[in-house]
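1. Dropping the sequence and predicted coords here.
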Protein chains: 2
Amino acid sequence: MLLNQQYLFTPGPTPIPERVKLAMNQPMIGHRGQAFAQLLEEVSTRLMPIFGSKDPVLVLTGSGTSALEAAAANIIEENDPVVVIVTGAFGERFATICETFGATVYRLTIPWGEICTPDQLENFLHAHKDCKAVFATYCETSTGVLNPIKELGAVTKRITDALFIVDGVSCIGAVPVDMAAWNIDILVSGSQKALMLPPGLAFIAVNHIARERIQSCSSKRFYLDLNRYFASYDKEKSTPFTPAVSLIAGALEVCYMIEEEGLEQVIQRHQLLKTMVREGIKALELPLLVSDEHASPTVTSVKPLNGKANQIKKTLQDKYSITIAGGQKKLKGEIFRIGHMGYCTPFDILKVLTGLEMTIHTIEGRNVLGQATKKAEEVWREYV
Amino acid sequence: MLLNQQYLFTPGPTPIPERVKLAMNQPMIGHRGQAFAQLLEEVSTRLMPIFGSKDPVLVLTGSGTSALEAAAANIIEENDPVVVIVTGAFGERFATICETFGATVYRLTIPWGEICTPDQLENFLHAHKDCKAVFATYCETSTGVLNPIKELGAVTKRITDALFIVDGVSCIGAVPVDMAAWNIDILVSGSQKALMLPPGLAFIAVNHIARERIQSCSSKRFYLDLNRYFASYDKEKSTPFTPAVSLIAGALEVCYMIEEEGLEQVIQRHQLLKTMVREGIKALELPLLVSDEHASPTVTSVKPLNGKANQIKKTLQDKYSITIAGGQKKLKGEIFRIGHMGYCTPFDILKVLTGLEMTIHTIEGRNVLGQATKKAEEVWREYV
């Protein structure tokens, strides 16, 4: 191994900017004082445009899954019928959470690697008009599809009175979203993806319709009881339980960074990263799992022939210190996934593509050196 | 204000050592790789002596309260009778959590500022021999008492077949504990107290008896389902949901620090800090809420006459940049609390006592300058 630098390209956690680390290293403060109140209010408010929310974004101390659970457990009454769009492992997780908390779950199951189309949802909802909520995944991390949330929201509201609840964990901060215009009632994300923070925080934006439902919901919950978070925020701009103060200090720095680059620019950068990765992979003649049109700008799944995914992943790690992710559940061993979100530039994409070129050369004996990077560079050149 | 240094003396969060900050700033790693598996195993194993546990300590991403909920929600079946010893706000929180998850709760209520004696528990348990669990608080943060957990555990096991479940959030890492010898089945703590980390991690040690109960428990839970944590740890030394990687990296550094100082020495240091604070406060003729014998080595509650608690707290903050805590719930405005745990030395105690001397001088017009610090210095001199 050369100098022990490590290159992280998993779809979360993602690399942390130096200035965010510095912000997290400020002297610790108590969470019941004025300084913390000001910090939390700033973060909750500055996250609003990123979440396309008209309301301050609630901050939970937990994994992204804690906020998925909060989104379900705070609105589900025993035996409530709900629809869950399952386009991969995280849609399935949402369905399992809903079942755990007593809902009667109707899964709209889509083949992995494809999106749920508005027509598919429309047909499905005609048989479930009485459902209390429709759960969707914006970017399905396990496959890398980006579901058409705007259109799915419109269908949901046209056909049902259900809440539309969206898992945005692996894309919020890198994609456009507008809760009001897109009919999203609850939008969830985590800290360790496009938001450039270590894992440990979850974010949840709730509109007034969902908030009313939450207030009257009788389900059992305590740590993830959102009413407690609303009350503590409204009363003293704090959290009901000791929050991850240092990560929240980092979140403010992330908000500054996104404001400085400009949210529009951040979103465009992710489109560029996506296109560079995909054109580079195509130049290597490796099959992509998802079509260009339906692929997320944050994570790209590649499905090499002959089940070589794990060998590629291992070679990248062992020889080039590049960490990518494998497949999950039914795609285990079938695909590898490259995360390209958050603190990620075109140069980082060239890095991972270089590693892939050399890996393919080693494993398959095909001399593809320079091919992916050349293509990616052309994409970048055009963008600039 | 002089140079803007801030001095944190709340009973959590507590100051973070520089080397722990550096450890948390290592480049981010994925949580499904070998490096994280090794990190988590090291932390879970090295925490064992600190928790007096024969089993690796589970790491949750959440506030301390998330682990309190896990300790309750994973063992309570609907309508299970449980006993909760309530010596303050956190005992009451434990009771509320148990009720939330469907238990029939019998509170053994103790006046705030006093411990629960073994006799009190024995008398109470005679009427509740069939209870499924007894919940106790080791250090009750809201008052600063240290309950006699060893003796309470012995009583519990002599009279009942109940699990003995202990909240050690605000003292583990600063006090002795031996789960097997003390009959503790589940022991919970948080990162931001004696363990010198930012808030965001919770720890839970579970013995084999409790683990069996957890395996067969049918309650609804997902994010805090401990079976998922056991499975993920046993299978791949990971966590079921993306963990707070940077805080866990910090936790390993904390383990090293405690090993280097020696756990015995760490415990003795906290006894010294406690005695210095208490003798200093006595020299100022301020009434202590808790007797010497029953006071925790981690937090000291002071009950000044004429309800001056908030004025003292405010003056310390405004004039000397020293943050202490006020009272909670029924002690709000009645007491102030000084945290002295984790990354805290005798010099820190002299700092807060100095601030108190000057504050009392200002507020009450009594010239007590040098009195508390002299007394505390004498205590320290004797210890060395």
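-> Everything's here; your move. Numbering: from 1, shown residues only, chains lettered A, B, ... in the order given.

2. For stretch A:124-134, what is the spacing between the initial and final residues?
-> 11 Å (Cα to Cα, to the nearest Å).

3. Give me the distance from it to the chain's centre.
-> 25 Å (Cα atoms, centre = their mean, to the nearest Å).

4. what residues does it touch?
-> Applying Cβ atoms under 8 Å, 6 or more residues apart in numbering or on different chains, the contact partners of stretch A:124-134 are A:75-77, A:80-85, A:103, A:106, A:108, A:121, A:152, A:155-156, A:159-160, A:162-165. Quick note: C-beta positions are derived from backbone N, CA and C, even for glycine.

5. List the buried residues for it?
-> A:Phe124, A:Leu125, A:His128, A:Cys131, A:Lys132, A:Ala133, A:Val134 (16 or more other Cβ atoms under 10 Å in any protein chain shown).

6. Report the mean per-residue pLDDT for it.
-> Across stretch A:124-134, the average pLDDT comes to 98.

7. Then stretch A:250-267?
-> 98.

8. quick check, that stretch touching chain B?
-> No - Stretch A:250-267 does not reach chain B (Cβ under 8 Å from any Cβ of the partner chain); its nearest approach is 9.4 Å.

9. which regions of chain A sit below the pLDDT cut-off?
-> A:1 (pLDDT under 70).

10. can you pull out the helices in it?
-> Here chain A has its helices, by DSSP state H, at A:18-24, A:34-51, A:64-73, A:89-100, A:118-126, A:149-159, A:208-216, A:226-236, A:245-261, A:263-283, A:309-320, A:346-364, A:371-383.

11. Spatially, what comes nearest to the closest residue to chain B within the stretch 51-200 of chain A if we skip its sequence neighbours?
-> Using Cβ to the nearest Cβ, the closest approach of the stretch 51-200 of chain A to chain B is made by A:Gly200 at 3.2 Å. Once flanking residues are discounted, A:Gly200 sits nearest to B:Ala244: 3.2 Å by Cβ to Cβ, 6 or more residues apart in numbering or on different chains.

12. Repeat that for A:Lys308.
-> Nearest to A:Lys308 is A:Ile363, by Cβ to Cβ, 6+ apart, at 6.4 Å.

13. re earlier: how about JSON lines for the helices of chain A, with distance to B:Ser216 added?
-> Formatted as JSON lines, the helices of chain A follow (distance: least, Cβ to Cβ, whole Å):
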{"stretch": "helix A:18-24", "distance to B:Ser216": "41"}
{"stretch": "helix A:34-51", "distance to B:Ser216": "40"}
{"stretch": "helix A:64-73", "distance to B:Ser216": "22"}
{"stretch": "helix A:89-100", "distance to B:Ser216": "17"}
{"stretch": "helix A:118-126", "distance to B:Ser216": "37"}
{"stretch": "helix A:149-159", "distance to B:Ser216": "39"}
{"stretch": "helix A:208-216", "distance to B:Ser216": "32"}
{"stretch": "helix A:226-236", "distance to B:Ser216": "30"}
{"stretch": "helix A:245-261", "distance to B:Ser216": "36"}
{"stretch": "helix A:263-283", "distance to B:Ser216": "46"}
{"stretch": "helix A:309-320", "distance to B:Ser216": "36"}
{"stretch": "helix A:346-364", "distance to B:Ser216": "46"}
{"stretch": "helix A:371-383", "distance to B:Ser216": "53"}
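
14. Single out the most deeply packed of those.
-> helix A:64-73 (a mean of 28; mean count of other Cβ atoms under 10 Å in any protein chain shown).

15. Which ones among the buried residues of stretch A:124-134 map onto strands?
-> A:Ala133, A:Val134 (DSSP state E).

16. Can you tell me which of the buried residues of stretch A:124-134 lies closest to B:Ala210?
-> A:Ala133 (34.8 Å; Cβ to Cβ).

17. Against A:Glu114, how distant is that closest one?
-> From A:Ala133 across to A:Glu114, the span is 23 Å (Cβ to Cβ, to the nearest Å).

18. Contacts only, for the closest residue to chain B within the stretch 201-350 of chain A.
-> Nearest residue of the stretch 201-350 of chain A to chain B (Cβ to the nearest Cβ) works out as A:Ala244 at 3.2 Å. A:Ala244 makes contact with A:Thr61, A:Gly200, A:Leu201, B:Ser63, B:Pro198, B:Pro199, B:Gly200, B:Ala244, B:Leu247, according to Cβ under 8 Å, 6+ apart.

19. Likewise for A:Glu378?
-> A:Glu279.

20. Next one: it from B:Lys329, what distance?
-> In terms of Cβ to Cβ, A:Glu378 sits 65 Å off from B:Lys329.

21. before we move on, back to that, so which of the contacts of A:Ala244 is the most crowded?
-> Neighbour tally across the contacts of A:Ala244 (other Cβ atoms under 10 Å in any protein chain shown): the maximum, 34 neighbours, falls on B:Ala244.

22. thinking again about what came up before, could you dump the contacts of A:Ala244 to a markdown table with distance to B:Ser321?
-> Below are the contacts of A:Ala244 laid out as a markdown table (distance: Cβ to Cβ, whole Å):
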| residue | distance to B:Ser321 |
| --- | --- |
| A:Thr61 | 26 |
| A:Gly200 | 28 |
| A:Leu201 | 27 |
| B:Ser63 | 26 |
| B:Pro198 | 20 |
| B:Pro199 | 21 |
| B:Gly200 | 25 |
| B:Ala244 | 29 |
| B:Leu247 | 26 |
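
23. per the record, what domains does chain A have?
-> Domains of chain A are assigned by automatic domain parsing as A:7-14+A:262-383, A:18-259.

24. Tabulate those domains (JSON lines), appending distance to B:Ala71.
-> Formatted as JSON lines, the domains of chain A follow (distance: least, Cβ to Cβ, whole Å):
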{"stretch": "domain A:7-14+A:262-383", "distance to B:Ala71": "28"}
{"stretch": "domain A:18-259", "distance to B:Ala71": "11"}
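
25. and of those, who's closest to B:Ser219?
-> domain A:18-259 (8.7 Å).

26. are any of the contacts of stretch A:124-134 buried, and which?
-> A:75-76, A:80, A:82-85, A:103, A:106, A:108, A:121, A:152, A:155-156, A:159-160, A:162-165.

27. contacting residues for the nearest residue to A:Pro198 once chain neighbours are set aside?
-> Nearest non-adjacent residue to A:Pro198, counting by Cβ to Cβ, 6+ apart: B:Ser246, 3.9 Å away. Listed by Cβ under 8 Å, 6+ apart, the contact partners of B:Ser246 are A:Ile16, A:Met24, A:Pro198, A:Pro199, A:Gly200, B:Met24, B:Asn25, B:Gln26, B:Met28.

28. possible to save these as CSV with distance to B:Tyr229?
-> Formatted as CSV, the contacts of B:Ser246 follow (distance: Cβ to Cβ, whole Å):
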residue, distance to B:Tyr229
A:Ile16, 25
A:Met24, 25
A:Pro198, 19
A:Pro199, 15
A:Gly200, 16
B:Met24, 22
B:Asn25, 26
B:Gln26, 24
B:Met28, 22
